[in-house]
Structures are given as C-alpha cells and as structure tokens.
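Undergrad: below is the structure, and that's it, no one-letter string:
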C-alpha cells in the first residue's frame with residue numbers, strides 16, 4: 001500500500017496526477033465537495049451563523065472509502081484546486097476525515113504538469129483558513145438570501161419561484177435592457193455614400209462626413225452633386241499599430257469562445273475543465289492576465305523558431321481588476337510545443353487559448369492608414385474614403401481580429417487606389433439611404449458575463465453557474481425574436497437621373513440573445529420595488545469586495561454576515577407582511593361583445609389573458625399567450641384574437657383537425673397527433689389547405705428511414721435535438737453521427753445501445769399499472785406514471801438489494817407509493833371548467849391574421 005495518499009476533486013485530474021507521482025503515491029478523487037449545507041432546511045444557526053454541514057447520501061460510501069485509505073497512509077496530501085472553492089473542499093476533507101495536522105499537507109498548482117506537481121509536493125503549506133472563510137461566507141449568505149427571499153416570492157408572486165443574490169441582479173440587467181429596447185424611439189437620417197472612378201477607372205467607395213436629417217436636404221445635395229466636378233481635396237497617410245490582446249482570463253475566454261466558436265458559457269467552462277484536468281492548459285478560473293517567466297520564455301522560443309526573431313516581443317500584462325485573486329496566472333498552454341491535440345472539441349478551444357497566448361508575446365502589427373477627402377468647394381459637405389494596408393503582420397500572423405456586435409458594421413476599411421491631390425474623379429453613383437438608429441443590443445451569454453465583470457459582480461467561478469441558473473429558473477430565455485418591417489427611402493443619383501425607391505427594412509429581430517420571460521419581468525419588478533438594496537449593482541459589488549477582504553484576512557466572515565443580516569431579515573418580515581401581490585396584471589380594455597374587462601397577467605400555468613373577473617356572476621374565460629407575446633406589451637386587439645383559438649377545421653383522412661396554442665406554441669392537432677406550426681406562422685392564419693400541408697409534411701418526416709428487426713425506424717428533431725424512434729423508444733442521436741445520412745449500421749448501433757441501457761433500467765415492471773422499480777443514478781427507485789418514489793428500508797433497517805427488489809410484489813410496491821402519497825391511487829374527478837372557450841368551427845376560408853404595425 002502507498003504511504004502517500006493524494007486527494008483531488010475530480011477523477012480525470014486524479015488520473016493525470018497519478019502518472020506523474022508514481023507508485024509511492026495513491027491518488028483518489030472526492031468527486032467535488034464531500035459535504036455541504038443540507039438540501040432540506042437552511043442548515044444555519046442564524047444566531048451565530050454556524051453552518052450545519054452534512055455528508056450527502058450519495059457521498060457516504062465514498063467518505064467511508066476515503067477514511068479507510070487515510071488510516072493506511074502515512075501522509076495525506078490535499079490537492080484540490082487553488083481557488084476558494086478548492087480550499088473549502090480541502091478543509092471539508094480535513095474536517096470530515098478527521099485529518100491530523102502533523103501528517104496532512106496542502107499542495108496547490110495552477111497547471112497539471114510533472115514539473116508543477118513535483119514542485120508543489122516540495123512546497124506544501126497549511127490550509128488557508130481565510131480562503132475557506134471567504135467561501136463559507138459566500139455559501140452561507142447566498143443560502144440565507146435564497147431561503148428567506150424565495151418564500152416571499154411564493155406568497156406574493158407564484159409558488160416554485162426562487163431568488164438569489166447574484167442571479168436576481170443578472171435578471172435585472174436583462175430586464176432593464178429589454179425595457180430600454182421597448183422604450184427606444186428610433187431616429188432616421190439619410191446616409192450618403194458614393195462610388196468614384198479615378199483616371200485608371202479604379203473604384204473608390206466613400207461616405208459623406210455628415211448625415212442629413214431631412215429627405216429634402218439629402219435630395220438637394222444629390223441634385224447639386226449631379227453637375228459638380230469632384231476632386232481629390234486631400235490625401236493623408238499615417239502609420240499606425242495594432243496591439244495584441246492580453247492572455248485569457250475566465251471572462252475573456254468565455255467572450256471570445258462565444259464570438260469565434262459560438263460556444264455558450266457553460267460549454268466553454270466544461271471544455272476548459274477537461275483541458276486543465278488533462279494537463280493541456282493552466283487553471284481556467286482566474287481573473288489575472290499575468291504570465292509566469294517560464295511561460296514567457298516558452299512562448300518566445302516557439303515564436304522565434306516558427307516565425308523568426310522579428311515577431312517576438314516578450315511582455316507581461318497588468319491585471320486591471322482590483323479584485324484579481326488566488327489564481328495568479330492567465331489561462332495559457334502548459335507546453336507551447338504542443339500545437340494541436342487529438343480530440344476535435346477540445347482542440348478548438350485549445351487552439352483559441354494557444355494562439356491568444358502566443359499572440360500576446362508577439363510584436364504589434366504595423367499598418368498604414370490612408371484617408372482621401374473627395375469633394376468640391378461648392379458643396380456644403382465632402383466625402384471621405386478610409387483604407388489601410390498591413391505593412392507588417394506581427395501578432396496577426398497567428399491571431400486575427402474579429403468584429404464583435406459592438407463594432408461599427410459599416411466601418412469596412414479596405415485598400416485604396418493611388419490618387420493625387422487635385423486629381424479629378426468621376427462619380428459612378430451616389431446613394432442617399434434612410435437609416436434608423438438602433439437600441440443597445442440584447443445580451444448574449446458572454447456579453448452578460450462581461451457586464452457582470454464590469455460591475456464587479458460575481459467572480460470567475462460564479463459566472464457560468466449564474467448564467468445557467470437564470471435560464472433553468474425560466475426567468476430569461478433565448479427565444480427567437482422575429483423581425484418587424486418598415487419602409488425606408490433610397491435615392492440613387494446616376495449619370496442621367498435621380499431615382500427614388502421604397503425598400504423594406506427588417507429590424508428588431510434577434511437569435512440566441514437573452515430575453516426576459518413574463519415571470520422574469522414580474523419577479524424583477526417585485527424585487528426591485530421591495531428589495532432595492534439587494535438588487536443594487538453597487539451593493540452587490542460591495543458584497544463581493546467583502547468576500548475578497550475576508551480572503552485576504554482583513555475582514556472577519558461572521559461579522560460580515562451579521563452586518564448583512566441585521567438589515568436584511570427585518571426587510572423580509574416587512575415585505576412579507578405589507579407588500580401587495582404581484583402578477584403583472586394589466587387591464588387592456590373592454591371586450592366589445594360582453595362589455596367585460598380584458599385582463600392580462602401571470603396565471604397558474606403561465607402568462608394569459610382573461611375576459612371578465614373572478615367575482616363576476618359568470619366565470620371568466622381564459623386564453624394562453626403565444627410564445628412570441630408578452631404581458632407587458634400585448635394589445636387589446638391581439639388579446640381578443642387569442643379567444644378565436646382553438647378552432648376546428650374539416651376532417652382530413654378520416655381524422656379531426658383542430659388549430660390551437662399549447663405550452664410549446666401553436667399546433668395543428670390531427671386525430672391524437674399534435675404537430676407544431678412552423679415558426680413565424682400565426683395560428684389564425686392556418687387555413688384548411690395549410691393545415692393539410694403541415695399534416696402531409698409531418699407524414700413525410702415521420703415516414704420510416706430504415707427498419708430494425710422488421711420494425712420501422714423513424715427520425716425527427718425535438719426539444720432536445722435530433723432523434724430516431726423505434727417502437728416506443730426515442731433515441732437521441734449524438735453529434736458524431738451525420739443525422740441527415742444515417743446508415744443502417746449507425747441505426748443498429750444506436751438502437752442496440754439504447755436497448756442494452758433499457759434492459760439494465762428495470763428491476764421490475766408492471767406496464768398495465770404504469771409502475772416500475774428502476775435503477776437510477778443514485779440507486780433504485782419506484783416510478784408510478786411520471787412520479788418517482790423512494791424505496792423504504794427493510795425491516796432490519798437496511799437497503800434492499802437488487803435481488804430482493806426483483807422478488808417484491810406489486811401490492812407491496814403500491815403500499816410504498818401510498819405511504820408517500822395517500823391520494824396516488826384515488827380516481828381523480830375532473831372538474832367542469834369554464835377556463836377556455838370551446839373550439840369553434842372555422843369558416844371555409846380564413847384570411848391571414850393582420851400583422852401588428854411596426855413600432856417607430
């Protein structure tokens with residue numbers, strides 16, 4: 001048995017480290033935290049702020065194994081990550097395993113390489129209690145906020161909601177940006193651009209220095225230009241440089257991976273974690289741009305050998321963030337001689353990190369900027385053409401510049417032909433196009449991370465979980481926003497005439513950007529009105545600074561918590577007792593048929609509109625909003641249209657046809673089959689002919705693509721991506737398969753794997769009763785319909801074995817279910833409901849629903 005036991009937090013990390021330490025060391029994984037605050041209850045003594053940590057059920061066996069390994073070891077090395085979370089993991093291990101200070105050492109490293117590991121073993125230290133306390137303070141404060149604020153939301157808004165210190169601020173940012181977009185009043189102006197020809201007939205594209213506000217001004221300028229002799233009034237050429245960006249921090253890696261690779265924040269961190277654990281990059285949670293001297297020397301050597309001395313410019317960068325902490329180096333490759341790695345997904349992110357780090361140590365790019373002024377003294381405004389030439393590519397050799405959404409899309413710098421001052425130019429065409437100002441863009445995942453970082457909210461370890469949480473809670477989503485249309489005027493001056501034409505301009509559309517949901521807006525409004533300080537950006541940043549001060553030892557963690565709670569708890573009590581309920585309710589107007597109020601609000605099943613009120617003699621009728629609609633912006637006209645759905649069409653192929661709107665959007669129901677209506681089509685525009693087209697398209701899509709053991713196999717794309725269907729099994733198709741060209745061999749492999757998995761899934765199954773005993777991730781459980789139930793212990797207070805569960809009777813299993821849900825087997829009586837108007841018979845032909853007028 002090895003005399004040295006090393007404990008890390010991940011099995012992949014353990015495997016890599018084991019290679020470097022050899023047989024004298026045994027490396028085991030704790031699989032993250034072995035203990036935490038309890039899942040049920042707050043788990044904190046609010047008088048002393050002492051947490052009541054517990055080992056979760058799924059970690060008890062692991063803890064027993066680790067305790068046994070500790071007894072056999074002479075020395076225990078705690079080698080979890082070097083940030084606060086890693087320090088806390090090491091501390092929890094020391095506490096729970098009852099490690100002795102004399103034979104326990106803490107080692108840290110920011111890269112998993114042989115040199116770094118051996119150096120860490122040579123330089124052990126004690127657990128840094130300040131870092132542990134900073135992590136405890138964050139964990140406990142966030143638990144208090146969540147546990148005390150969330151019940152207020154259940155009582156005042158809707159059950160099942162949650163609030164969090166950082167997540168609520170992130171939602172506020174998204175909501176405020178959306179409100180800014182809604183309230184934005186676009187202004188139009190005419191931008192004038194011209195294409196000119198020199199004496200060699202080479203084209204020069206130029207823009208007028210000033211825009212015209214009025215159409216008449218732009219038209220007058222074009223008419224004046226028609227008979228004007230254009231000259232080169234000035235040519236200015238000046239040298240310039242472009243500098244490389246600093247190496248990656250966590251947030252800049254997330255932003256660049258989004259811009260260049262299209263990765264989400266969570267996907268980026270998942271891939272980066274693997275790169276780190278497999279020894280390819282340094283630690284990926286950092287807000288430092290510093291590089292070690294060893295890394296600078298490694299980059300220099302690689303640059304000189306590959307590109308030459310003239311491309312090398314070793315330098316170090318200064319971290320702007322005052323809160324930069326713990327991990328004192330940027331994200332970089334551990335070995336610059338490794339230019340590529342085998343796994344395609346890992347390699348894409350590795351290449352980004354490799355090239356960015358290498359570029360940061362290369363010379364600036366040298367450029368030559370040229371500005372040509374074109375015009376005539378008689379004209380009130382002159383044109384300007386801008387271009388540039390790369391004289392020396394420098395860092396651009398490995399890491400080009402990509403435009404982001406914030407860059408001016410029209411600033412398209414290019415190479416210009418040679419011209420001389422005084423040279424006469426002929427115009428080919430001059431255009432004046434009406435353009436509208438745009439509101440600030442909605443946040444992408446990476447854009448929201450950037451904003452949080454700018455505000456000092458959150459830290460490298462919290463960005464990705466925050467982004468994931470606000471989506472999981474359905475406070476924001478990334479639904480597609482369909483563009484609106486407006487007319488714009490374009491005037492073109494040719495050689496003989498001035499031509500005017502009306503064009504259609506699409507605006508306001510968005511994809512893959514954060515949009516607040518209705519419930520997200522209602523919750524944000526309630527929290528900002530009642531907990532203004534908690535959601536204040538400055539306050540949230542100050543709390544982060546308090547955590548930093550605890551980590552540095554300049555603040556005591558329990559005093560910080562006491563200072564927070566003495567103001568927070570009374571506020572909770574006040575809001576719970578005195579605040580009004582919030583559901584985003586708005587009265588849209590009066591229904592012309594019934595004379596009753598039309599109201600929109602958040603209901604039990606989501607955003608809805610209703611005609612009539614609860615205390616009316618006749619019960620109100622309800623309709624769900626469509627996914628593209630919002631309770632804050634829906635109009636009376638649009639709301640009344642919703643009550644025309646669902647409606648019936650004529651039968652098709654012997655089955656009834658209904659058009660409706662459900663939880664996942666508008667649909668055509670054919671018999672018992674629900675078929676989604678394509679995006680962008682309104683349900684009220686669906687005619688008999690169009691419904692039959694949608695049904696036929698679905699029939700074609702559902703036609704068998706192959707067979708398996710004589711049974712048909714179909715394919716489709718659902719909420720969770722592409723799948724194939726065999727009998728009643730839906731089988732996800734991983735990205736490594738070409739979904740459009742699946743071979744019979746592919747299909748056999750996918751179905752074989754699924755059947756093998758399903759065979760191991762059931763211990764017992766009673767299909768008729770919809771009851772089964774199944775193997776789950778955390779052990780066996782009972783499933784009844786869609787509900788899951790725990791399996792009680794045996795009479796000897798022990799867990800059932802798989803063999804014993806295979807012999808349990810159906811009656812016994814029913815008793816287990818009833819003990820946990822006494823109403824499980826009681827027949828549910830369906831209440832007569834007046835909630836929705838019955839489906840109406842559609843007229844023989846329906847016209848398309850009128851589109852709402854575009855906002856100007």
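TA: Okay, I see it. Here the structure is a predicted model, which is why all the values come from computation and not from measurement. Numbering: from 1, shown residues only.

Undergrad: show me the contacts for residue 396.
TA: By Cβ atoms under 8 Å, 6 or more residues apart in numbering, the contact set of residue 396 is 242, 365, 390. For the C-beta atoms, the positions are set from N, CA and C on the backbone; glycine is no exception.

Undergrad: wait, residue 428 touches residue 197, no?
TA: Yes - Residue 428 lies in contact with residue 197 (Cβ atoms under 8 Å); the separation is 5.6 Å.

Undergrad: now do the shared contacts for those two.
TA: Both residue 428 and residue 197 are contacted by residue 203, under the criterion Cβ under 8 Å, 6+ apart.

Undergrad: hmm, which of the contacts of residue 396 are the buried ones?
TA: Neighbour counting with 16 or more other Cβ atoms under 10 Å marks residue 365 as buried within those.

Undergrad: now do the buried residues in stretch 640-660.
TA: 640-649, 652, 657-660.

Undergrad: end-to-end on it?
TA: Terminal residues of stretch 640-660 lie 15 Å apart, using Cα to Cα, to the nearest Å.

Undergrad: what about it, average pLDDT?
TA: Mean pLDDT, stretch 640-660: 91.

Undergrad: report pLDDT for residue 82.
TA: The score at residue 82 is 86. That number is its pLDDT.

Undergrad: so what's it closest to, chain neighbours aside?
TA: Nearest in space to residue 82, with sequence neighbours left out and distances taken as Cβ to Cβ, 6 or more residues apart in numbering, is residue 108 at 3.9 Å.

Undergrad: okay, now that neighbour: neighbour count?
TA: Residues near residue 108, counting by other Cβ atoms under 10 Å, number 22.

Undergrad: what's the next secondary structure element after the top helix by length along the chain?
TA: If you go by DSSP state H, the chain has its longest helix at helix 129-156. Sequence-wise, the next helix or strand downstream of helix 129-156 (DSSP states H and E) is helix 165-182.

Undergrad: list the buried residues for that following helix?
TA: If you call a residue buried by 16+ other Cβ under 10 Å, then helix 165-182 has these buried ones: 165-175, 177-178, 181.

Undergrad: pipe these into JSON lines and attach distance to residue 394 per row.
TA: Output for the buried residues of helix 165-182, formatted as JSON lines (distance: Cβ to Cβ, whole Å):
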{"residue": "165", "distance to residue 394": "44"}
{"residue": "166", "distance to residue 394": "39"}
{"residue": "167", "distance to residue 394": "42"}
{"residue": "168", "distance to residue 394": "45"}
{"residue": "169", "distance to residue 394": "40"}
{"residue": "170", "distance to residue 394": "38"}
{"residue": "171", "distance to residue 394": "42"}
{"residue": "172", "distance to residue 394": "42"}
{"residue": "173", "distance to residue 394": "37"}
{"residue": "174", "distance to residue 394": "39"}
{"residue": "175", "distance to residue 394": "43"}
{"residue": "177", "distance to residue 394": "37"}
{"residue": "178", "distance to residue 394": "41"}
{"residue": "181", "distance to residue 394": "39"}
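
Undergrad: in strands, which of the buried residues of stretch 640-660 appear?
TA: Counting by DSSP state E, those place 647, 648, 649, 652, 657, 658, 659, 660 in strands.

Undergrad: quick check, nearest of these to residue 507?
TA: Nearest to residue 507 among those: residue 659, at 29.5 Å, using Cβ to Cβ.

Undergrad: list the contacts of the closest one.
TA: By Cβ under 8 Å, 6+ apart, residue 659 lies in contact with 645-647, 649, 666-669, 677, 683, 686, 691, 842.

Undergrad: going by distance to residue 63, which of those residues wins?
TA: Closest approach to residue 63 among these (Cβ to Cβ): residue 667, at 49.9 Å.

Undergrad: given the helix or strand hosting that closest one, what are its sheet partners and their directions?
TA: Residue 667 is part of strand 665-670 when elements are defined by DSSP H and E. Partners of strand 665-670 in the sheet, by DSSP bridges, are strand 655-662 (antiparallel), strand 673-676 (antiparallel).

Undergrad: buried residues in the shortest one?
TA: Judged by neighbour count (16+ other Cβ under 10 Å), strand 673-676 contains these buried residues: residue 675.

Undergrad: figure out how far that strand is from the centre of its chain.
TA: Averaging C-alpha coordinates over strand 673-676 and over its chain gives two centres that are 28 Å apart (Cα atoms, centre = their mean, to the nearest Å).

Undergrad: next SSE after it?
TA: The helix or strand immediately downstream of strand 673-676 is helix 688-701, counting by DSSP H and E.

Undergrad: picking that back up, so can I have JSON lines of the ones in strands among the buried residues of stretch 640-660 showing distance to residue 699?
TA: Shown next, in JSON lines, are these (distance: Cβ to Cβ, whole Å):
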{"residue": "647", "distance to residue 699": "22"}
{"residue": "648", "distance to residue 699": "20"}
{"residue": "649", "distance to residue 699": "17"}
{"residue": "652", "distance to residue 699": "11"}
{"residue": "657", "distance to residue 699": "13"}
{"residue": "658", "distance to residue 699": "17"}
{"residue": "659", "distance to residue 699": "18"}
{"residue": "660", "distance to residue 699": "20"}
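
Undergrad: residue 632: which of the residues you listed is nearest?
TA: Nearest to residue 632 among those: residue 660, at 24.2 Å, using Cβ to Cβ.

Undergrad: once you drop chain neighbours, what's closest to the closest one?
TA: Excluding its sequence neighbours, the residue lying closest to residue 660 (Cβ to Cβ, 6+ apart) is residue 646, at 3.5 Å.

Undergrad: my read: the one you found touches residue 661, true?
TA: Yes - counting by Cβ under 8 Å, residue 646 sits close enough to residue 661 to count as a contact (7.4 Å).

Undergrad: and the helix or strand that contains residue 298, what does it pack onto?
TA: In the assignment (DSSP H and E), residue 298 maps to helix 293-307. Counting contacts by 3 or more Cβ pairs under 8 Å, 6 or more residues apart in numbering; DSSP states H and E, helix 293-307 is packed against helix 344-360.

Undergrad: name every strand pairing with whichever helix or strand comes after the helix it packs on and say which way it goes.
TA: The element immediately downstream of helix 344-360 (helix or strand, assigned by DSSP H and E) is strand 365-375. Looking at strand 365-375 with DSSP bridges, its partner strands are strand 230-242 (antiparallel), strand 383-392 (antiparallel).

Undergrad: which of the ones you listed sits closest to residue 281?
TA: Among the strands paired with strand 365-375, strand 230-242 sits nearest to residue 281 (Cβ to Cβ), with 25.7 Å.

Undergrad: next one: stretch 17-27 to chain centre, how far?
TA: With Cα atoms, centre = their mean as the basis, stretch 17-27 stands 38 Å off its chain's centre.

Undergrad: that one: which residues count as buried?
TA: Counting neighbours by 16+ other Cβ under 10 Å, one finds that the buried residues in stretch 17-27 are 17, 18, 20, 21, 25, 26, 27.
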